[in-house]
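Participant: fold the following and give me the result.
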Amino acid sequence: MLLDQNPFSRRQFLGACALGAGMVASRGMGAFVDPFLKILMPRDRVPLSFIIDDSTCLVNMGHYAYPQFATAWPDRAEYKKDWTKWPREIPDSFVREFGEWCAEHGVKGKYSIVPNPACVGWLDRELPGWSHRQLEESLKLVRELMVPNWDIHPEMITHTRVIDLKTGRPFGDINAGTMENSYPQEDKSVDELANYLAYALRILKNCELPCEGITTPGGFGNRVKTKLPQAVFEAVRDVYGTDLPHFFKYVSDGDESAEPTLERWKHDSSDLQLTMNVPAGTGDWFGSWHGDAESQPDLYCSEDATSGRMVELIEQRRPALMLCHWPGMYCHGSKTGFQAFQRVVLSLAARFKEETYWMKVSDIGRYWAAKELTRVTTPTPSEFNFNTPFGSADFTVEFDQRLNQPVHVVGNKTTTLEQVNRKQDLVAGSYFQTDSGTIVCFDLPKGDSIIRGITQ
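Facilitator: Residues are numbered from 1 along each chain as shown. Predicted structure coming up:
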C-alpha cells in the first residue's frame, strides 16, 4: 500500500514512515511496527480456498490420460498401474453431490474444466461416448452449481497432448516433447504462449463459462516462467476482457511465502498490466491425480485440528489454499477422497470457523492486488482517502485511533457503517472498536472512496 499525508502531527508522520518501511520490508499483512493504519486479512480472517485440478465434464482424466502419460514416459514406475479397470466417467451425480455439500459448508475455490480432455472430444462441440444432451446438461450443471463459488480455469487444451494450433489436432508422436505437461521444450515468445492459452480459453467461452485465470498442467511453462505471467494476462484479457487475470502453477512449501504475488511488466497510469500468481499451500494428499491412491487427510489437518499443513498455515496467519485432483475425490467410485476432504473441512471448522474465511482464488488474488496498490491520503486526522486500480470485497483496515460513527463515502453516496460487538462478526459495511483503535471492513471500489469518522 502506498500512503501520502499532510503533516498534521509528528506521531502520524512517524506512523506513515513506519508503514511505508513495513511494506518494503515485508509482504505480510499486519507485520508493521506501530503504524497508524494497516491492512488486515479480509474480515481479519485467514483466507481458505480449495484448488481442484484435472476436473472437466464427464471424462475421468485418470482413465484417459494415464495411457498417454505412460507412452510419453515409459520408464516411470508410477505409470505401471492397470488403468483399464478404472471408470471412464466421473458422473454428474458426483459433481452435484460434491458441489452441494461444498455450498452448504461455504467451501470455495478453483475448479478446472479441461476443454478437450485427454483428446476425447471438444466440450464446445461433441464428446464421443456421451450424447450431445449429456454434454449440455453437464456444462449446465457447472454453470449453475459450481460457477457461483468456484473460479473456472482451463488446464490448457487437453492436459495430455500438445495441439497444433494450425490444424487443431495433436502432434503425431507421443513423447515428453509433445505433452502439455512439459510444453514448451524450447523458448517461445509471449505471443506464441498467449495464442496457445487463448485457444483453450475460447473453448470455455463458447461453453458460456466465465474465466479470470488459468491453471498450468504439470510442468507447463517451466522453460518460459518469466514470460508466462504476461502471456496469461494477454490471453485472458483478449478473450474475456478481465482487468486482473491470475494463474495457479506453484505450491508453497515450508516457510515459502503462501501469499499471492504481483507479476507486473507494465505499470503506468494509462495501462496497468499485471497478473496475480496465486500459489497453493499444500500438496495433494487425497486420492492423487489418477484416483488410485490412499488419502492421507491428516497431512492437511488432523481430526482434532491440532496438526497438519492447513493448521500450520492458519496458525501462522498465512493464506491456506488446499490442493487436490478431481479423480482423487471420486476414487473410482468409492469416493474415499471426498470423504477424507469432508473430514478435513469439518475438522477445520470445528476449531477455526471464526478465524477463517473461504474465498475463490480470484478473490484472494484481487485482495492482495488491492492491498499492495492502494494509495491512502489523510487530509485530516479522521478522514482517509483510498485510491486503488483494483477494488476488493471485504477490505479490512485497522486504525490505531478510535473512530466513532464511521462512514464510507463513494461519490455522492454515504453509507453509515454498523458497529459489531465481536471482531469475528465483521462483514463488509461494519466496524469493531478495539481497546485503542478501530477495525473497519468495507467493499473497496476501484478508484476513489473515503472512510471518515469522529475521533475521540
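
Participant: C-alpha only now, for contacts and for neighbours.
Facilitator: Noted.

Participant: what ranges does the stretch 351-456 of the chain have for its strands?
Facilitator: Applying DSSP state E, counting those that start in this stretch to the stretch 351-456 of the chain gives strands spanning 356-358, 375-380, 383-388, 392-399, 403-410, 413-416, 418-419, 430-433, 438-444, 447-455.

Participant: my bad, should have said the stretch 201-350 of the chain
Facilitator: Remark: strands assigned in the stretch 201-350 of the chain by DSSP E, counting those that start in this stretch are 213-215, 246-248, 261-266, 273-277, 320-325.

Participant: in a markdown table: those, plus mean neighbour count and distance to residue 362.
Facilitator: Output for the strands of the stretch 201-350 of the chain, formatted as a markdown table (neighbours: other C-alpha atoms under 10 Å; distance: least, C-alpha to C-alpha, whole Å):
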| stretch | mean neighbour count | distance to residue 362 |
| --- | --- | --- |
| strand 213-215 | 27 | 8 |
| strand 246-248 | 25 | 7 |
| strand 261-266 | 15 | 12 |
| strand 273-277 | 23 | 8 |
| strand 320-325 | 25 | 12 |
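
Participant: just put the strands of the stretch 351-456 of the chain in JSON lines and tack on mean pLDDT and distance to residue 369.
Facilitator: Shown next, in JSON lines, are those (pLDDT from 0 to 100; distance: least, C-alpha to C-alpha, whole Å):
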{"stretch": "strand 356-358", "mean pLDDT": "97", "distance to residue 369": "18"}
{"stretch": "strand 375-380", "mean pLDDT": "89", "distance to residue 369": "12"}
{"stretch": "strand 383-388", "mean pLDDT": "94", "distance to residue 369": "9"}
{"stretch": "strand 392-399", "mean pLDDT": "96", "distance to residue 369": "9"}
{"stretch": "strand 403-410", "mean pLDDT": "95", "distance to residue 369": "20"}
{"stretch": "strand 413-416", "mean pLDDT": "97", "distance to residue 369": "24"}
{"stretch": "strand 418-419", "mean pLDDT": "98", "distance to residue 369": "26"}
{"stretch": "strand 430-433", "mean pLDDT": "98", "distance to residue 369": "22"}
{"stretch": "strand 438-444", "mean pLDDT": "98", "distance to residue 369": "12"}
{"stretch": "strand 447-455", "mean pLDDT": "92", "distance to residue 369": "14"}
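
Participant: residues in contact with residue 213?
Facilitator: Shown in contact with residue 213 (C-alpha atoms under 8 Å, 6 or more residues apart in numbering): 151, 152, 153, 154, 232, 236, 245, 246, 247, 248, 362.

Participant: redo that, cut-off 7 Å
Facilitator: 153, 236, 245, 246, 247 (C-alpha atoms under 7 Å, 6 or more residues apart in numbering).

Participant: tell me the contacts of the nearest residue to it once chain neighbours are set aside?
Facilitator: Spatial nearest neighbour of residue 213, excluding adjacent residues (C-alpha to C-alpha, 6 or more residues apart in numbering): residue 246 at 4.6 Å. Applying C-alpha under 7 Å, 6+ apart to residue 246 gives the contacts 212, 213, 214, 275, 276, 277, 278, 362.

Participant: so residue 121 lies in a helix, does it not?
Facilitator: No - counting by DSSP: H, G, I helix; E, B strand; the rest coil, residue 121 is located in no helix; its state is coil.

Participant: contact partners for the spatially closest residue to it that is not a sequence neighbour?
Facilitator: Spatially, and ignoring its direct neighbours in sequence, residue 121 is nearest to residue 127 (4.4 Å; C-alpha to C-alpha, 6+ apart). Going by C-alpha under 7 Å, 6+ apart, residue 127 touches 120, 121, 135.

Participant: neighbour-wise, which one of those residues leads?
Facilitator: Neighbour counts for these, by other C-alpha atoms under 10 Å, peak at residue 135, which reaches 19 neighbours.

Participant: next one: that one from residue 142, what distance?
Facilitator: Counting by C-alpha to C-alpha, to the nearest Å, the gap between residue 135 and residue 142 amounts to 11 Å.

Participant: quick check: can you list the domain ranges of this structure?
Facilitator: 2-39+374-455, 46-362 (automatic domain parsing).

Participant: which stretches of the chain have low pLDDT?
Facilitator: 1-35, 268-269, 456 (pLDDT under 70).

Participant: run the last query once more with 50
Facilitator: Within the chain, the stretches with pLDDT under 50 are 1-34.

Participant: can you tell me how far the closest residue to residue 446 other than its chain neighbours is from residue 372?
Facilitator: In this structure, residue 446 finds its nearest non-sequential neighbour in residue 391, 4.2 Å apart by C-alpha to C-alpha, 6+ apart. Applying C-alpha to C-alpha, the value for residue 391 to residue 372 is 12 Å.

Participant: can you check residue 179 too?
Facilitator: Residue 179 is 37 Å from residue 372, by C-alpha to C-alpha.

Participant: looking at those two, which is more packed in?
Facilitator: Shown here are residue 179 and residue 372; by other C-alpha under 10 Å, residue 179 has more neighbours (27 against 19).

Participant: for that one, grab phi and psi.
Facilitator: Main-chain torsions, residue 179, degrees, to the nearest 10: phi -110, psi 140.

Participant: surely it meets residue 162?
Facilitator: Yes - Residue 179 is within contact range of residue 162, at 5.2 Å (criterion: C-alpha atoms under 7 Å).

Participant: got the CA coordinates for stretch 198-208 in PDB?
Facilitator: The C-alpha coordinates for stretch 198-208 follow below in PDB (Å, rounded to 0.1, in the frame of the first residue of the first chain):
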ATOM      1  CA  ALA A 198      -6.300 -18.200 -25.700                       C
ATOM      2  CA  TYR A 199      -7.200 -21.300 -27.800                       C
ATOM      3  CA  ALA A 200      -8.200 -23.100 -24.600                       C
ATOM      4  CA  LEU A 201     -10.000 -20.000 -23.200                       C
ATOM      5  CA  ARG A 202     -12.100 -19.600 -26.400                       C
ATOM      6  CA  ILE A 203     -13.500 -23.100 -26.000                       C
ATOM      7  CA  LEU A 204     -14.600 -22.300 -22.400                       C
ATOM      8  CA  LYS A 205     -16.100 -19.100 -23.600                       C
ATOM      9  CA  ASN A 206     -18.000 -21.000 -26.300                       C
ATOM     10  CA  CYS A 207     -19.400 -23.100 -23.400                       C
ATOM     11  CA  GLU A 208     -20.600 -20.000 -21.700                       C
END
